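> what's the 3D shape of this:
(one chain, ligands or ions: 1)
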Amino acid sequence: MTHSLADQPNRRPKETDWRLFLRLVPYAKKNMRLLLLSMVFLVPSAIANAMQPILIGQTVSLLKREPTSWSFFSIEIDFLSSRSLTEGLNFLAGLLLITILTRLILDGTQSYLVQKVGQRITADIRNDLFDHVTSLGVRFFDRTPVGRLITRLTSDVEALGEVFSTGAIGVVNDLFSILVITGFMFARQWQLATLLVLLLLPVTGLIIYFQQQYRKANYKAREELSSLNSMLQENITGISVVQLFRREQFNGGLFRTVNKRYIHEVDRTIFHDSAVSATLEWISLVAISGVLGVGSWLVMNRQLDFGLLSTFILFAQRLFDPLRQFAEKFTAIQAGFTAVERVSDIMNEPIEIRDPEKSHKGTSITPTTPGEIRFEHVWFAYKQDDYVLKDLDFTIRPGEKVALVGPTGAGKSSIIRLLSRLYEPTNGRILLDGVDIRQLPQAELRRRMAIILQDGFLFAGDVKSNITLGETYTFDQIRSAAEATNVASLIERLPQGYNTMLRERGTNLSGGQKQLLAFARAAIRDPQILVLDEATANLDVGTESLIQEALERLLEDRSAIIIAHRLSTIRNVDRILVLKRGQLVESGSHEELLSQGGLYASLYQLQMLES
Ligand SMILES: Nc1ncnc2c1ncn2[C@@H]1O[C@H](COP(=O)(O)OP(=O)(O)OP(=O)(O)O)[C@@H](O)[C@H]1O
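Next up is the predicted model:
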């Protein structure tokens with residue numbers, strides 16, 4: 001891993017704009033037809049735009065009785081000299097109206113199409129990001145603050161969407177307009193055309209410079225926004241602790257500091273944005289004065305007539321107009337590039353835990369076998385070389401119930417995380433019925449085991465959907481799973497029974513009630529292996545014995561791993577594995593371990609004394 005979203009908040013942009021742009025190509029390809037259609041509309045629209053100054057110039061020439069014929073790339077154009085003044089004026093007015101209507105209709109349609117494509121692309125990117133993020137290993141989430149991630153998923157994708165919705169993608173339009181106008185200018189009068197083009201060059205240079213500065217400031221501003229959101233998220237999630245420990249003021253101070261840094265960076269982006277607009281405003285005035293100065297001189301020398309002079313004054317304005325619009329859009333475009341860059345950062349995060357290649361899929365085992373679990377010299381470290389599990393080597397026989405016991409931080413939960421493949425062992429392997437779990441598709445591995453954690457997470461939705469979790473079970477199946485685990489009576493006591501709506505993270509249920517639902521969730525899946533991590537710790541003694549009884553039934557014919565601190569709850573298991581600082585120090589039945597007089601015996605005696 002070369003970098004992470006969390007480790008280097010001020011990481012410099014690495015990919016070039018071109019590479020970033022290419023990242024959008026696959027998305028654009030999906031909408032190729034609409035995109036092409038909108039591009040086709042560009043051509044007549046830009047021509048109509050460049051025609052307007054010429055038509056107005058012709059009108060002036062007609063009124064001033066100047067020659068109205070002109071050559072366009074050596075083609076002699078003369079459609080006015082044969083007409084009377086009124087006819088000619090009507091004819092020009094008619095043409096002008098056509099160009100205006102053409103632009104009105106085509107520009108409108110084009111901008112609608114482009115925005116439509118843009119919204120589709122943004123939605124596709126958002127979907128892909130969601131899929132990618134939910135496939136990333138738990139390790140990624142260990143080191144990435146949630147707020148930082150949410151910023152990328154929401155406001156960065158939004159910034160990308162704005163490139164389309166503000167019409168910023170229309171720069172293509174603007175650039176094309178500049179090209180067409182330049183062509184028309186040279187066709188009419190090369191000296192004035194050269195003057196305008198020469199003015200265009202330094203402005204473009206300046207714009208590129210300010211654009212780079214803006215981009216840097218924008219990247220930093222987004223990073224600061226991420227930090228701001230992480231802080232916000234942390235304070236909201238931990239609001240009870242914040243208030244109970246009166247950290248409001250202290251956290252408020254921290255928040256203000258980050259907010260100040262954010263504002264500072266935003267100020268810098270605004271400065272560079274304004275600098276571009278000011279430069280353009282100034283330069284387009286210079287251009288018009290230049291045309292007026294040089295043009296008047298040419299008029300006095302009879303090398304230019306009034307009609308053409310008015311045409312070029314309009315050209316001067318029109319040439320810088322797309323550039324000015326480009327400047328307005330450029331803020332959105334630069335922000336869009338920053339967004340693509342930040343979104344790519346996540347897309348580039350490798351998916352650490354992958355399913356085996358297709359050819360290995362055949363290795364799945366018949367799910368009717370009870371499930372033998374084997375840890376083969378397993379070593380594991382969350383952080384490099386800081387091993388929390390050391391050379392674990394044990395087998396849990398099919399149908400065997402094993403308890404993991406040991407002091408806090410001994411590594412019990414880590415064993416479960418490895419078994420369910422939320423993390424992968426640093427060394428050694430874990431086998432399920434003789435097959436390395438890395439060779440099993442994750443969906444199958446996790447279907448075969450149900451894990452009940454101390455803090456069962458609940459989704460916003462009703463009780464039923466929190467038991468089925470998106471899989472199709474009939475209501476009868478849901479009810480019998482609840483009955484089998486003795487939680488039916490609890491559910492029936494809820495205001496709307498199985499239809500009671502649970503709030504996000506289940507805050508309208510008590511800790512114990514949440515745990516009870518987790519039992520039903522496990523039972524309905526009929527797993528081969530059941531894992532309980534402090535699953536009954538939140539229950540009162542009465543409820544626990546009710547659950548214990550249901551558990552005995554549930555555990556029949558299944559392999560089970562049970563983690564419990566209250567040793568009285570695991571007396572009946574087949575075998576107890578005792579862990580100390582990541583190492584297996586004792587193994588045997590309750591009686592055997594008591595008679596050995598080791599760590600287990602002393603833990604047990606301590607607990608007996610307490611009760
Ligand atoms: N996500 C993580 N990143 C880094 N270290 C971790 C992480 N989770 C746990 N640890 C460390 O790994 C060690 C073992 O943790 P584990 O949760 O497996 O212990 P445990 O025996 O289940 O403890 P408890 O009885 O308190 O639940 C601890 O020292 C802990 O600090």
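> from here on, contacts and neighbour counts on C-alpha atoms
OK.
> Skip the chain neighbours and tell me the closest residue to the residue of the stretch 201-350 of the chain found nearest the ligand.
Residue of the stretch 201-350 of the chain nearest the ligand, by CA to the nearest ligand atom: residue 234 (17.1 Å). Nearest residue to residue 234, sequence neighbours excluded (CA to CA, 6 or more residues apart in numbering): residue 147, at 7.7 Å.
> List the buried residues of the helix or strand hosting the one you found.
Using DSSP states H and E, residue 147 falls within helix 146-151. Buried residues in helix 146-151, counted by 16 or more other CA atoms under 10 Å: 146-149, 151.
> what about the stretch 1-150 of the chain, any weak spots by pLDDT?
Scanning the stretch 1-150 of the chain for pLDDT under 70 picks out the ranges 1-15, 70-74.
> and stretch 596-611, how far from the chain's centre?
Using CA atoms, centre = their mean, to the nearest Å, the mean C-alpha position of stretch 596-611 is found 50 Å from that of the whole chain.
> does residue 388 sit in a helix, a strand or a coil?
With DSSP: H, G, I helix; E, B strand; the rest coil as the basis, residue 388 sits in strand.
> thought it was touching residue 410?
Yes: contact criterion CA atoms under 8 Å: residue 388 and residue 410 qualify, at 7.5 Å.
> May I have the helix holding residue 147 exported as PDB, CA atoms only?
C-alpha atoms of helix 146-151 as PDB (Å, rounded to 0.1, in the frame of the first residue of the first chain):
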ATOM      1  CA  VAL A 146     -15.800   7.700   8.000                       C
ATOM      2  CA  GLY A 147     -16.300  11.400   7.500                       C
ATOM      3  CA  ARG A 148     -13.400  11.500   5.000                       C
ATOM      4  CA  LEU A 149     -15.000   8.600   3.100                       C
ATOM      5  CA  ILE A 150     -18.500  10.200   3.100                       C
ATOM      6  CA  THR A 151     -17.000  13.500   1.800                       C
END
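> which residues are common contacts for residue 388 and residue 410?
Residues touching both residue 388 and residue 410 (CA atoms under 8 Å, 6 or more residues apart in numbering) are 581-582.
> For residue 497, what are phi and psi?
phi 50, psi -130 (degrees, to the nearest 10).
> ok, it touching residue 487?
No: assessed by CA under 8 Å, residue 497 is found out of contact with residue 487, at 11.5 Å.
> quick one: which of the two has more around it?
A direct count of neighbours by other CA atoms under 10 Å for residue 497 and residue 487 places residue 487 higher, at 24 against 16.
> about what we covered before: which of the buried residues of helix 146-151 sits closest to the ligand?
After measuring the buried residues of helix 146-151 against the ligand - CA to the nearest ligand atom - the closest member comes out as residue 146, at 14.3 Å.
> list the contacts for the closest one?
Contacts of residue 146 (CA under 8 Å, 6+ apart): 230, 233.
> So residue 94 versus the ligand, what's the distance?
Going from residue 94 to the ligand by CA to the nearest ligand atom, to the nearest Å gives 74 Å.
> ok so, going back, and the average pLDDT for the helix or strand containing the residue of the stretch 201-350 of the chain closest to the ligand is what?
Secondary structure from DSSP H and E places residue 234 in helix 190-237. The average pLDDT within helix 190-237 is 87.
> Also stretch 446-461?
Mean predicted lDDT for stretch 446-461 stands at 84.
> What residues sit buried inside that stretch?
Here stretch 446-461 shows 446, 448-456, 458-459, 461 as buried, counting by 16+ other CA under 10 Å.
> Just the ones of those residues in strands?
Those of the buried residues of stretch 446-461 mapping onto strands are 449-452, 461, per DSSP state E.
> ok, which of these also contact the ligand?
Among these, no residue is within reach of the ligand (CA under 6 Å from any ligand atom).
> what about the strands in this protein?
Using DSSP E, the strands of the chain run over residues 70-72, 75-77, 373-383, 386-396, 401-405, 427-432, 435-436, 449-452, 461-462, 501-502, 529-533, 559-563, 575-580, 583-588.
> List the residues that contact the nearest residue to residue 31 once chain neighbours are set aside.
Distance criterion CA to CA, 6+ apart; nearest residue to residue 31, sequence neighbours excluded, is residue 117 at 6.5 Å. Listed by CA under 8 Å, 6+ apart, the contact partners of residue 117 are 28, 31, 34-35.
> For the residues you listed, which two are the farthest from each other?
Farthest-apart pair in the contacts of residue 117 is 28 and 34; separation 9.6 Å (CA to CA).
> can you list the domains in the protein?
Listed by automatic domain parsing, the domain ranges of the chain are 17-347, 368-610.
> Any idea how far the shortest one is from the middle of the chain?
Between the centre of domain 368-610 and the centre of its host chain there is 32 Å, according to CA atoms, centre = their mean.
> All the helices of the stretch 1-150 of the chain, in order from the start?
All helices of the stretch 1-150 of the chain, identified by DSSP state H, counting those that start in this stretch, fall at 17-30, 32-63, 85-135, 138-143, 146-151.
> any chance of those in a markdown table, with distance to residue 210 too?
Output for those, formatted as a markdown table (distance: least, CA to CA, whole Å):
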| stretch | distance to residue 210 |
| --- | --- |
| helix 17-30 | 15 |
| helix 32-63 | 27 |
| helix 85-135 | 26 |
| helix 138-143 | 35 |
| helix 146-151 | 26 |
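> looking at the ones you listed, which is closest to residue 425?
Nearest to residue 425 among the helices of the stretch 1-150 of the chain is helix 138-143; the distance by CA to CA comes to 12.3 Å.
> Mind exporting the C-alpha coordinates of that closest one to PDB?
The C-alpha trace of helix 138-143 is given here as PDB (Å, rounded to 0.1, in the frame of the first residue of the first chain):
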ATOM      1  CA  VAL A 138     -12.100  -4.100   6.900                       C
ATOM      2  CA  ARG A 139      -8.500  -3.000   7.100                       C
ATOM      3  CA  PHE A 140      -9.300  -0.100   4.900                       C
ATOM      4  CA  PHE A 141     -12.000   1.100   7.200                       C
ATOM      5  CA  ASP A 142      -9.700   0.700  10.200                       C
ATOM      6  CA  ARG A 143      -7.500   3.400   8.800                       C
END
